[in-house]
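Asks: next comes the sequence, and after it the predicted model I'd like to discuss.
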Amino acid sequence: MNIINTWQFWVIIYLFAAVMFAQNFKKANRKMKNAGSLTVLLELFTGLFSLLMIPIFDIKFAPTKEILLVLLAVICIYAITDRLNIEVRYGLETSTFSMLKRLSTVFMIIFGFVFLKEEVVLNKVLGALIIIIANVILAYNKGKFQVNKYFVMAIVANFFFAVAMLLNVGISDHFNLAFYTWMTVTGPAIIISVLGKHSINDLKKEFKLYDKPRFFVSAFAWALMLNASIRAYQLGSVIVVASLFCLTPILNSLAELILHGNKERFVQKVIISILLIIGVVLVNL
């Protein structure tokens, strides 16, 4: 059996890439002046690294007009999501951001009930409630609830991400996976660049501020992470893959402890991560 065609391989790649990205991104861009320009630059380089991965996946391009229209909508939504997430990553701890991303699962359940008219199943409702409870615990710090603008922005970003995922069902099957990823990061980069009036000179000036090696590692890791996540879902069980992806917050907390000695709320974060895993398992039963 070819290991590259197993879901286990791509889950491991995803977890490795997710931690690599999270631990390098903030350090690469400490001198950032413009978050919009940073978003554009990261997306462009991520797209380039994704193009290098085209030979890894099947070569195919068979979209219909309907698929292209949905793809355009998805690209527009990703532009909003990516722009918000860049701000959020600067305002929240890496592990906290990783945990909040699990909220997209809750939104997907709600959309399924409301828009897809799916049957209201007890385990899905219970799983969603556990994920919500985990995020409420996450907001509790030093004897009180601390919800800042970045926390709220993360919730909004996860809402839009869930919308994109709702529209995104089956689209990637019509393209080479790496090329599809290139479209979904380069498209938003163009939209943000035009709407935000980020000129080439602006981007060059912004890029000079960054730690180049760490920035390239971040872009490569994001490309790897995006491709690995889609491929893992294509090959494996949703319940298993989604549950294992929830190990990201735990791994980031461990990385922060080992690499940076960050012990702040470590036990709390581990408990939250376990709750998130339980919630996702219940949601996908």
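Replies: Structure's in. What do you need?

Asks: residues in contact with the helix or strand harbouring N158?
Replies: Using DSSP states H and E, N158 sits within helix 149-168. Residues outside helix 149-168 that contact it (Cβ atoms under 8 Å, 6 or more residues apart in numbering): 70, 73-74, 77-78, 80-81, 84-85, 87-88, 90-92, 97, 100-101, 103-105, 107-108, 111, 115, 139. The C-beta positions use only the backbone N, C-alpha and C, and glycine is treated the same way.

Asks: how about stretch 170-182?
Replies: By Cβ under 8 Å, 6+ apart, the residues outside stretch 170-182 that reach it are 47-48, 50-54, 56-64, 67, 70-71, 74, 183, 223, 226-227, 230-231, 234.

Asks: and it, which residues are buried?
Replies: By 16 or more other Cβ atoms under 10 Å, the buried positions in stretch 170-182 come out as 171-172, 175-182.

Asks: which of the contacts of helix 149-168 fall in strands?
Replies: Of these, none are assigned to strands by DSSP state E.

Asks: now, of the residues you listed, which are buried?
Replies: Buried members of the contacts of helix 149-168, scored by 16+ other Cβ under 10 Å, are 70, 74, 77-78, 80-81, 84-85, 87-88, 90, 92, 97, 100-101, 103-105, 107-108, 111.

Asks: tell me the mean pLDDT for the helix or strand following the helix holding N158?
Replies: Counting by DSSP H and E, the element after helix 149-168 in chain order, helix or strand, is helix 177-195. Helix 177-195 comes out with an average pLDDT of 93.

Asks: can I get helix 177-195 as CSV, trimmed to CA atoms?
Replies: Output in CSV follows, covering the C-alpha atoms of helix 177-195 (Å, rounded to 0.1, in the frame of the first residue of the first chain):
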residue,chain,number,x,y,z
LEU,A,177,-5.8,19.4,-5.3
ALA,A,178,-2.7,21.6,-5.2
PHE,A,179,-4.0,23.8,-8.0
TYR,A,180,-7.3,24.1,-6.3
THR,A,181,-5.5,25.3,-3.1
TRP,A,182,-3.6,27.8,-5.3
MET,A,183,-6.8,29.3,-6.6
THR,A,184,-8.4,29.5,-3.1
VAL,A,185,-5.4,31.5,-1.7
THR,A,186,-4.4,33.5,-4.8
GLY,A,187,-7.9,34.6,-5.5
PRO,A,188,-8.4,36.2,-2.0
ALA,A,189,-5.0,37.8,-2.3
ILE,A,190,-6.0,39.6,-5.5
ILE,A,191,-9.4,40.7,-4.0
ILE,A,192,-7.7,42.0,-0.8
SER,A,193,-5.0,43.7,-2.8
VAL,A,194,-7.5,45.5,-5.0
LEU,A,195,-10.0,46.5,-2.4
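
Asks: that helix vs helix 149-168, what angle?
Replies: Going by axes from the mean of the first three to the mean of the last three Cα atoms, to 10 degrees, helix 177-195 is angled at 130 degrees with respect to helix 149-168.

Asks: before we move on, the earlier item: pull out the buried members of the contacts of stretch 170-182.
Replies: Buried, going by 16+ other Cβ under 10 Å: 47-48, 50, 53-54, 57, 70-71, 74, 183, 223, 226-227, 230-231, out of the contacts of stretch 170-182.

Asks: among those residues, which pair sits farthest apart?
Replies: For the buried ones among the contacts of stretch 170-182, the farthest-apart pair by Cβ to Cβ is L48 and V70; their separation is 24.7 Å.

Asks: about what we covered before: let's have the buried residues of stretch 170-182 in TSV, adding distance to F215.
Replies: Formatted as TSV, the buried residues of stretch 170-182 follow (distance: Cβ to Cβ, whole Å):
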residue	distance to F215
I171	29
S172	27
F175	27
N176	26
L177	24
A178	20
F179	23
Y180	24
T181	18
W182	18
